[in-house]
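Trainee: Next comes the sequence, and after it the predicted model I'd like to discuss.
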Amino acid sequence: MASLSNLKQCPQFASPTVAGHLCNSTPGLDHYPVINLKNELLSTTSQRFTVGQSFIPVESESVPKRISRAFFDGGFWESLAEARSKKTREQAPLISTTADRLAQLLEQYKALQLKVFPHTQELSAERIAQYAETRDWINSAIRCTAWHCHLFKLAVAGVDDVVRIYMKRTDNNGMTPVLKSPSQTQITCMAWRPLCAFELVVGCRQGMCFWTIDNNLHLGRTMNPSQIIKHPSNLPITTLQWNKDGTQLATASIGDRAILIFQPDNGMMQPLRRLGPPGSLLKWSPGNEWIFASTVDRVFRVWKCHDRWTTDRWVCNEGNVQAACWSPCGRFLLFASTSEPILYRLQFVKLHLGPAKGDDKEVLPVADLNAVTLDGSNQTLIGGTAQQLAWDPHGKYLVITFKSTNSIAIFRTYIQKFDLQISGGYYLSGETASEYPSYVCFQPLNRENDLSVLTIGWSSGRIQFHSLD
């Protein structure tokens with residue numbers, strides 16, 4: 001079983017970028033864009049304000065008027081909070097007492113509901129972050145990155161709820177298309193539609209925002225997506241995946257037990273329902289044969305993608321599956337849970353002639369991810385509970401990030417028809433000891449790229465491109 005104890009430091013290269021700064025890169029990637037969201041995020045944060053901050057509250061408002069204004073501004077719970085405020089209690093104690101009784105009944109109902117259905121608790125930002133692939137999803141400058149399948153286009157979602165589209169340095173004349181909308185907040189995931197040059201779908205608090213990005217977008221900002229699809233229960237979309245040919249879009253929410261399969265071309269939706277906890281992570285196999293689906297609890301499933309949508313079910317000893325990825329050939333699935341620092345393998349290939357046997361899909365440990373020190377140092381650690389997995393499109397390298405340590409582990413992988421071997425490789429660290437990888441992915445292979453280019457979104461807001469070939 002592979003381990004982290006024999007990893008070597010990955011060689012670093014420095015190449016000049018804008019304003020004389022340096023960024024980590026590798027030879028042959030000079031045409032890649034220089035990306036750092038830090039300055040843009042600082043400027044937008046300083047300009048943020050709410051509508052309520054622009055006006056001075058009127059002191060002479062009556063109690064019913066204040067409550068009704070709170071209702072129209074912030075909804076039922078804001079109006080209930082206003083009815084229980086100190087000022088209302090002094091002016092209208094009967095209203096405050098009634099509001100207290102109502103709040104008590106609602107709390108009792110909510111407590112009973114959570115006992116019967118423990119997974120129906122409110123989907124706060126903290127709960128979304130608990131199951132997100134992005135490390136420190138709430139505070140990290142970069143929440144998600146997504147490469148186009150066929151073109152040189154990289155979408156980067158920031159903590160400011162803005163998606164920026166980057167291309168080659170020579171392609172966009174210094175202009176970066178920006179996707180921003182009031183209907184797109186708390187971005188959790190996104191994906192380019194395969195076999196389509198311009199369509200990007202963004203999963204967020206409001207559901208799914210479909211964007212059509214054409215050359216005219218360079219002239220300014222498009223404030224409205226081409227289409228917005230809400231979850232049937234008005235829940236946030238926390239994970240989504242296109243199939244290989246872009247005809248089906250699988251989505252899930254940590255507040256819903258069903259996986260929703262959308263067919264955007266005809267507007268159809270098919271729910272995949274099973275008893276159990278809600279889904280947290282989806283991974284469609286490269287050949288369209290399987291969908292891996294983890295949940296917020298110990299259960300995870302692998303769906304067989306055909307007309308009947310059959311499924312196999314597994315249960316973790318503890319915790320839930322946090323990270324997973326398919327091999328480029330689609331025969332192997334790697335995953336790691338939140339309960340132990342072990343990397344597991346599932347094999348999707350027949351080992352025997354005739355009907356499939358149970359041992360054909362046996363879960364086997366393949367790597368020990370327990371934390372170890374780097375280069376003999378007693379201070380810098382690598383390892384622990386896995387945060388995210390990414391497999392390069394050539395099938396030669398497996399990248400693992402961690403929840404509590406700041407370096408990236410890179411294993412070598414050797415894929416054979418009936419076997420998978422994993423051995424030690426390299427590790428990558430940030431520019432500072434406190435910088436950690438928020439989100440990682442590989443650029444797909446296409447006519448413009450035949451390298452294994454690792455794309456790292458660091459917590460500081462910078463994007464690093466590193467070729468492993």
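Mentor: Noted; the coordinates are in hand. Numbering: from 1, shown residues only.

Trainee: residues near residue 453, how many?
Mentor: 23 (other C-beta atoms under 10 Å). Using the backbone N, CA and C atoms, a C-beta is placed for each residue, glycine as well.

Trainee: Quick one: low-confidence residue ranges for the protein.
Mentor: Per-residue confidence for the chain (pLDDT under 70) gives these ranges: 12-27, 42-60, 74, 113-122, 172-174, 215-223, 350-360, 376-378.

Trainee: which other residues reach the longest helix seen in it?
Mentor: In the chain, with assignment by DSSP state H, the single longest helix is helix 93-116. With C-beta atoms under 8 Å, 6 or more residues apart in numbering as the test, helix 93-116 has contacts from 63, 67, 80, 83, 84, 85, 88, 89, 120, 121.

Trainee: Neighbour-wise, give me the winner out of those.
Mentor: residue 83 (24 neighbours).

Trainee: wouldn't it be in contact with residue 67 here?
Mentor: Yes. Using C-beta atoms under 8 Å, residue 83 makes contact with residue 67 at a distance of 5.4 Å.

Trainee: Pull out the buried positions in stretch 261-269.
Mentor: The neighbour-count check on stretch 261-269 (16 or more other C-beta atoms under 10 Å) flags 261, 262, 264 as buried.

Trainee: all helices of this structure, in order?
Mentor: Secondary structure of the chain (DSSP H): helices at 38-46, 63-74, 76-83, 86-91, 93-116, 125-131.

Trainee: Looking at the ones you listed, spot the one closest to residue 170.
Mentor: Taking C-beta to C-beta, helix 38-46 is the member of the helices of the chain nearest to residue 170, at 21.7 Å.

Trainee: rewinding a little: to the chain's geometric centre, what's the distance from the longest helix of the chain?
Mentor: 35 Å (C-alpha atoms, centre = their mean, to the nearest Å).

Trainee: With stretch 379-394 instead?
Mentor: 15 Å.

Trainee: What residues sit buried inside it?
Mentor: Taking 16+ other C-beta under 10 Å as the criterion, stretch 379-394 shows 380-394 as buried.

Trainee: Which of the residues you listed fall in strands?
Mentor: Of the positions in the buried residues of stretch 379-394, 381, 382, 386, 387, 388, 389, 390, 391 sit in strands, assigned by DSSP state E.

Trainee: Check those residues and tell me the two furthest apart.
Mentor: Across those, the longest distance by C-beta to C-beta is 23.9 Å; it joins 381 and 391.

Trainee: What is the burial count for residue 311?
Mentor: Residue 311: 15 neighbours (other C-beta under 10 Å).

Trainee: Hmm, it is touching residue 303, no?
Mentor: Yes. Shown here, residue 311 and residue 303 form a contact pair, counting by C-beta under 8 Å, at 4.8 Å.

Trainee: one step back: reformat the contacts of helix 93-116 as a markdown table; add distance to residue 9.
Mentor: As requested, the contacts of helix 93-116 are arranged in a markdown table below (distance: C-beta to C-beta, whole Å):
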| residue | distance to residue 9 |
| --- | --- |
| 63 | 66 |
| 67 | 62 |
| 80 | 56 |
| 83 | 61 |
| 84 | 58 |
| 85 | 58 |
| 88 | 62 |
| 89 | 63 |
| 120 | 47 |
| 121 | 43 |
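
Trainee: of those residues, closest to residue 2?
Mentor: residue 121 (37.6 Å).

Trainee: List the contacts of the closest residue to residue 398 other than its chain neighbours.
Mentor: Nearest residue to residue 398, sequence neighbours excluded (C-beta to C-beta, 6 or more residues apart in numbering): residue 411, at 4.5 Å. Residues near residue 411 by C-beta under 8 Å, 6+ apart: 2, 367, 397, 398, 400, 422, 423, 424, 425.
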